[in-house]
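*Asks:* test case, fold it:
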Amino acid sequence: MTKLSVNINKIATIRNSRGGNNPDVTQAAIDVQRFGADGITVHPRPDERHIRYADVHSIKKIITTAFNIEGNPTEQKFMDLVLEVKPELVTLVPDALGQITSNHGWDTIRNQDYLKKTIAIFHAAGIKVSIFVDPDTTMIEAAKTTGTDSIELYTEAYAIGFKQDKETAIMPYIKAATLAKSLGLGLNAGHDLDLQNLKFFHQQIPWLDEVSIGHALICDALYLGLENVIQLYKRQLNYY
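*Replies:* Just a heads-up that it's a prediction; the model follows:
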């Protein structure tokens, strides 16, 4: 069964826009799990414009599902946070400083040595690692040799293409996912997946381990209610 990890960054963005602690990010994490999510994802950035480093520590204390921390390991503060908190999974994302949102995967060839060293550090601490990659078979082959446990496919191109021609949009992802499976890599996906495009994506790649969804889910929750929208997303992943 493909798992749904809910990224709660946007809840923190709402809180930070007014100051104080409303909505309470830690309570949101508790409730998201209670409503049926299989995991919590956070992506703390150096400027703490949404998830704060203190939030990560607070969530660790109450987590009952899988905890995934995303971020760029070139920031020593991020490395220290992950090694202290020890989540189940760390997803390495090559974000530039000040970048609004993730917009590309790793060049796993150019960064091969760096990724090997970084992954080894996390493995030594008992933390599984996923690498954020584009649906590029060359980069996936090189990801395998870094020692990563899994990859996360960056799905923005699919989400954009889905609106015009979903069959064409999904093809690079099927090819990439098939290769990852043959290499023995775990397979996650995320970025701009929503209630319109998620089911088709999963139908074409049913061996997907996990999707991480935040922005679209929180936007839908404004209209549909958080508990209801989580169950709606889960339904997209359990259509058999």
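
*Asks:* pull stretch 207-225 out as CSV, backbone CA atoms only.
*Replies:* The C-alpha trace of stretch 207-225 is given here as CSV (Å, rounded to 0.1, in the frame of the first residue of the first chain):
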residue,chain,number,x,y,z
TRP,A,207,4.7,0.0,-6.5
LEU,A,208,5.2,3.6,-5.3
ASP,A,209,6.1,3.5,-1.6
GLU,A,210,5.1,6.9,-0.5
VAL,A,211,3.8,10.3,-1.7
SER,A,212,4.6,13.5,0.2
ILE,A,213,1.9,16.2,-0.3
GLY,A,214,1.5,19.5,1.4
HIS,A,215,0.5,22.6,-0.5
ALA,A,216,-2.4,21.1,-2.5
LEU,A,217,-3.7,19.1,0.5
ILE,A,218,-3.8,22.1,2.7
CYS,A,219,-5.4,24.2,0.0
ASP,A,220,-8.1,21.5,-0.4
ALA,A,221,-8.5,21.3,3.4
LEU,A,222,-9.5,24.9,3.5
TYR,A,223,-12.6,23.9,1.6
LEU,A,224,-13.2,20.3,2.5
GLY,A,225,-11.9,20.0,6.0
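
*Asks:* so for that stretch, what gets flagged as buried?
*Replies:* For stretch 207-225, the neighbour count (16 or more other CB atoms under 10 Å) marks 208-218, 220-221 as buried. C-beta coordinates here come from the backbone N, C-alpha and C atoms, glycine included.

*Asks:* the bottom helix or strand of the protein by mean pLDDT?
*Replies:* Among the helices and strands of the chain, helix 226-237 carries the lowest confidence by mean pLDDT, DSSP states H and E, at a mean of 91.

*Asks:* show me what counts as buried in stretch 63-76.
*Replies:* 63, 65, 66, 67, 68, 69, 70, 71, 72, 73.

*Asks:* revised request: answer the last question for stretch 164-173.
*Replies:* Residues 166, 169, 170, 172, 173 are the ones in stretch 164-173 that count as buried (16+ other CB under 10 Å).

*Asks:* identify the farthest-apart pair in those residues.
*Replies:* 166 and 172 (12.5 Å; CB to CB).

*Asks:* hey, where'd the helices end up in the chain?
*Replies:* For the chain, the helices defined by DSSP state H cover 9-18, 25-34, 53-62, 76-85, 112-124, 137-144, 156-182, 198-204, 215-224, 226-237.

*Asks:* contacts for the fifth one?
*Replies:* By CB atoms under 8 Å, 6 or more residues apart in numbering, the list of residues contacting helix 112-124 from outside reads 73, 79, 82-83, 90, 92, 106, 108, 128-129, 131, 142-143, 145-148.

*Asks:* right, I'll call it a day here.
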